[in-house]
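Trainee: got a sequence here, can you model it:
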Amino acid sequence: MTGTARLDPASRAAALRRMRAEPVDVVVIGGGVTGAGVALDAATRGLSVALLEARDLAAGTSSRSSKLIHGGLRYLEQLNGTLVREALRERSLLLETLAPHLVSAIPFLLPLTHHGWERAYIGSGVLLYDTLGQGLGRIAPRPGGDGAPRNGGVPLHRHLTRKAALREFPSLRPDALVGAIQYWDGQVDDARHTMFVARTAARYGALIATSAQVTGLVREGDRVAGVRVRDLENGVDLEVRAAQTINAAGVWTDDIQAMVGGRGRLSVRASKGVHIVVPRDRVHGSTGLILRTEKSVLFVIPWGSHWIIGTTDTEWNLDLAHPAATSTDIDYLLDTVNKVLRTPLTTEDIVGVYAGLRPLLAGESDETSQLSREHAVVRPVPGLTMVAGGKYTTYRVMAADAVDAATEGMSGAVAPSCTERVPLLGADGYPALWNARERLARTSGLHVARVEHLLRRYGTLVEEVLDLVAARPELGRPLPGAAAYLAVEAVYAVSHEGALHLEDVLTRRTRISMETADRGLTAAPHVAELIAPVLGWNSEAVARETDHYRARVAAEIESQRQPDDRAADAARLDVPDVRPLVQENRGAATPA
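Mentor: Alright, predicted model coming up:
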């Protein structure tokens with residue numbers, strides 16, 4: 001069965017009607033990358049699927065990562081070669097087949113601070129990293145300066161002298177290194193990728209509903225037979241019947257597990273990771289940077305016209321929906337990166353801050369940095385499968401394992417996973433369309449740089465975006481206050497990509513909230529007016545959404561001035577969730 005890949009208010013309403021009327025083979029709880037991956041895996045096996053998300057696609061962990069698709073060099077040091085090899089295989093698949101329009105190769109510099117032994121020690125680890133990657137994907141030529149995406153693997157690492165390293169990263173202090181090793185990994189806009197996974201699942205027949213909160217499990221004796229759901233946009237309650245229920249709720253895993261009663265077989269601890277965003281001109285370098293710290297590593301990651309610097313790794317046991325960064329977190333990141341920079345960064349340089357929660361499988365260690373990034377799949381009661389742990393890069397493997405486990409309990413043969421051969425929407429024909437970007441620029445009337453920006457965000461679906469511009473030329477203009485984006489991108493976010501609220505557009509479909517110095521406040525009223533006709537908003541709804549976004553930004557900024565987690569959490573929660581009914585149901589589990 002195939003469906004529409006268009007996610008808009010009408011398709012959401014239709015999906016909820018069908019969920020209520022017809023039992024499905026699999027219902028998935030959680031619209032992060034793992035849940036979206038489960039929906040895609042199940043749908044491409046020929047199963048009927050419903051996916052339910054309490055807020056927005058990627059609203060939790062899957063929009064707040066380090067934006068990397070990588071094997072994890074530090075896991076080699078922990079002798080976890082199996083996890084690294086698995087992740088490197090997924091990196092290769094994403095770069096070459098599944099999402100070449102969304103995932104690109106980027107270089108990183110590993111500064112060396114000791115002569116002799118350190119180069120041999122780290123160099124041997126990076127050599128093993130590259131060796132594990134070989135055979136999993138092609139080793140690509142070193143990219144030139146044209147900025148073109150590369151359809152293939154990543155270049156081999158290389159050893160650099162201090163002088164050569166400083167040419168790559170002039171902002172490094174000369175006394176901060178004696179040399180360096182440069183290696184390559186992958187980068188992704190995590191929120192857009194998750195949305196594309198969900199849209200691809202919809203293309204293969206999955207029913208997708210956001211703002212749909214799972215409030216309980218339907219039981220038939222000892223068996224879980226589906227879920228109870230509240231539509232947070234209108235307060236309507238419904239049941240979704242399913243042969244199998246898969247919980248992919250990430251840091252909410254324990255809450256969903258509690259619905260079956262008793263102690264569960266999985267336990268997840270939340271680790272807070274904070275990142276800061278600074279303009280590209282504040283730090284001069286043509287490569288990313290990775291710094292070893294006492295407990296982990298710190299990345300300085302190129303991000304268009306910005307740098308992302310992160311991350312922290314501390315336990316979090318407060319509000320799961322809106323983890324808050326503190327002034328202590330921000331000072332730690334600044335202090336750590338400033339140890340190696342010629343010109344120190346200050347809080348005045350920061351244009352964006354975001355905090356996310358890693359769902360780590362709990363173990364014996366008290367330190368979240370020591371907990372497992374591997375995933376686990378369990379079936380605590382008949383009809384319910386739970387998947388937890390893992391890392392963004394290996395979402396597809398987690399999804400396949402979860403569906404494998406769930407379908408063991410289904411009658412009849414179920415096809416094996418085929419998602420390693422199913423490109424995401426926008427991937428098919430992408431290299432050819434990239435090569436035709438100048439023609440697209442001429443026919444659309446947009447500058448070729450704008451077309452390249454759109455191609456990297458939409459792949460071959462760019463033609464749908466350009467059709468909107470052709471019909472309404474005013475949509476080809478830059479957004480006020482966020483000139484990197486065109487007005488059409490806001491409209492397309494609600495007409496095709498499932499955004500239901502202003503913050504969905506500003507924080508996940510685009511990255512305006514973290515890429516502009518005012519956190520998107522100038523752009524907000526203009527975007528609200530653009531999306532209002534598609535969402536059916538009147539002037540009062542436009543004002544309400546805009547006022548809420550302003551209040552949300554103010555609360556986040558205030559939380560980032562607080563010295564500790566508890567004070568930051570309280571400041572952030574001064575502003576309720578934009579989903580109208582989430583606040584009244586705060587006592588119920590709200591999987592993200």
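Trainee: kindly list the longest helix within this structure.
Mentor: helix 539-559 (DSSP state H).
Trainee: tell me the buried residues in it?
Mentor: 542, 544-546, 548-550, 552-553, 555-556, 558-559 (16 or more other C-beta atoms under 10 Å). (Glycine included, C-beta is placed from N, CA and C.)
Trainee: what helices or strands is it leaning on?
Mentor: Taking 3 or more C-beta pairs under 8 Å, 6 or more residues apart in numbering; DSSP states H and E as contact, the helices and strands that helix 539-559 lies on are helix 502-504, helix 523-535, helix 565-572.
Trainee: dump those helices into TSV; add mean pLDDT as well.
Mentor: Shown next, in TSV, are the helices and strands packed on helix 539-559 (pLDDT from 0 to 100):
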stretch	mean pLDDT
helix 502-504	98
helix 523-535	98
helix 565-572	97
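Trainee: now render those helices as TSV, adding distance to Leu98.
Mentor: Shown next, in TSV, are the helices and strands packed on helix 539-559 (distance: least, C-beta to C-beta, whole Å):
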stretch	distance to Leu98
helix 502-504	24
helix 523-535	29
helix 565-572	35
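Trainee: which stretches of the stretch 151-300 of the chain have low pLDDT?
Mentor: For the stretch 151-300 of the chain, applying pLDDT under 70 flags the ranges 151-152, 262-264.
Trainee: residue ranges of the strands in it, please?
Mentor: Counting by DSSP state E, counting those that start in this stretch, one finds strands in the stretch 151-300 of the chain at the ranges 158-161, 179-188, 207-209, 212-220, 223-231, 237-247, 268-279, 288-292, 297-303.
Trainee: each with direction, which strands does the shortest one pair with?
Mentor: What that stands for is strand 207-209. strand 49-52 (parallel) (DSSP bridges).
Trainee: run through who's touching the partner strand.
Mentor: The list of residues contacting strand 49-52 from outside it, by C-beta atoms under 8 Å, 6 or more residues apart in numbering, reads 15, 19, 24-31, 35-36, 38-39, 42-43, 198, 201, 205-209, 212-214, 227, 229, 240, 242.
Trainee: quick one, strands of the stretch 301-450 of the chain?
Mentor: 306-310, 314-315, 352-361, 375-381, 384-389.
Trainee: tell me which other helices or strands the third one touches.
Mentor: For strand 352-361, the helices and strands in contact under the criterion 3+ C-beta pairs under 8 Å, 6+ apart are strand 268-279, strand 384-389, helix 512-515.
Trainee: mind giving me the packing neighbours of the last one?
Mentor: Helix 512-515 is packed against strand 352-361, strand 482-486, with contacts defined by 3+ C-beta pairs under 8 Å, 6+ apart.
Trainee: buried deepest among those, which one?
Mentor: strand 352-361 (a mean of 24; mean count of other C-beta atoms under 10 Å).
Trainee: returning to that earlier point: in JSON lines: the helices and strands packed on helix 512-515, plus mean pLDDT.
Mentor: Below are these laid out as JSON lines (pLDDT from 0 to 100):
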{"stretch": "strand 352-361", "mean pLDDT": "94"}
{"stretch": "strand 482-486", "mean pLDDT": "98"}
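Trainee: and the ones you listed as JSON lines, adding distance to Ala180?
Mentor: Output for the helices and strands packed on helix 512-515, formatted as JSON lines (distance: least, C-beta to C-beta, whole Å):
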{"stretch": "strand 352-361", "distance to Ala180": "28"}
{"stretch": "strand 482-486", "distance to Ala180": "31"}
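Trainee: between those strands, which one is closest to Ser11.
Mentor: With C-beta to C-beta, the closest approach to Ser11 among these belongs to strand 482-486: 23.5 Å.
Trainee: got the angle for the helix or strand just after the closest one vs helix 523-535?
Mentor: Using DSSP states H and E, the next helix or strand after strand 482-486 towards the C-terminus is helix 487-495. With axes from the mean of the first three to the mean of the last three C-alpha atoms, to 10 degrees applied, the angle from helix 487-495 to helix 523-535 works out at 50 degrees.
Trainee: chain center to helix 487-495, what's the gap?
Mentor: A distance of 19 Å separates the centroid of the chain from that of helix 487-495, by C-alpha atoms, centre = their mean, to the nearest Å.
Trainee: pLDDT averaged over it - what is it?
Mentor: Averaging pLDDT along helix 487-495 gives 98.
Trainee: give me the angle between it and strand 482-486.
Mentor: Interaxial angle, helix 487-495 versus strand 482-486 (the same axes, to 10 degrees): 60 degrees.
Trainee: hmm, who's touching helix 487-495?
Mentor: Here helix 487-495 has contacts from 6, 8-9, 454, 457-458, 464-465, 468-469, 472, 474-479, 499-500, 504-505, 509-510, 526-527, 530-531, 534-535, using C-beta under 8 Å, 6+ apart.
Trainee: could you rerun that using 6 Å?
Mentor: Contact partners of helix 487-495, identified using C-beta atoms under 6 Å, 6 or more residues apart in numbering, comprise 8, 465, 468-469, 475, 477, 479, 499, 505, 509, 527, 530-531, 534-535.
Trainee: so of the strands of the stretch 151-300 of the chain, which one's packed in deepest?
Mentor: Ranked by mean neighbours (mean count of other C-beta under 10 Å), the strands of the stretch 151-300 of the chain are led by strand 207-209, with a mean of 26.
Trainee: for the most centrally placed residue in the chain, which residues are in contact?
Mentor: Compute the mean C-alpha point of the chain, and by C-alpha atoms, centre = their mean the closest residue is Asp190, 2.7 Å away. Applying C-beta under 6 Å, 6+ apart to Asp190 gives the contacts 62-63, 65, 67.
Trainee: fine, thanks again, bye for now.
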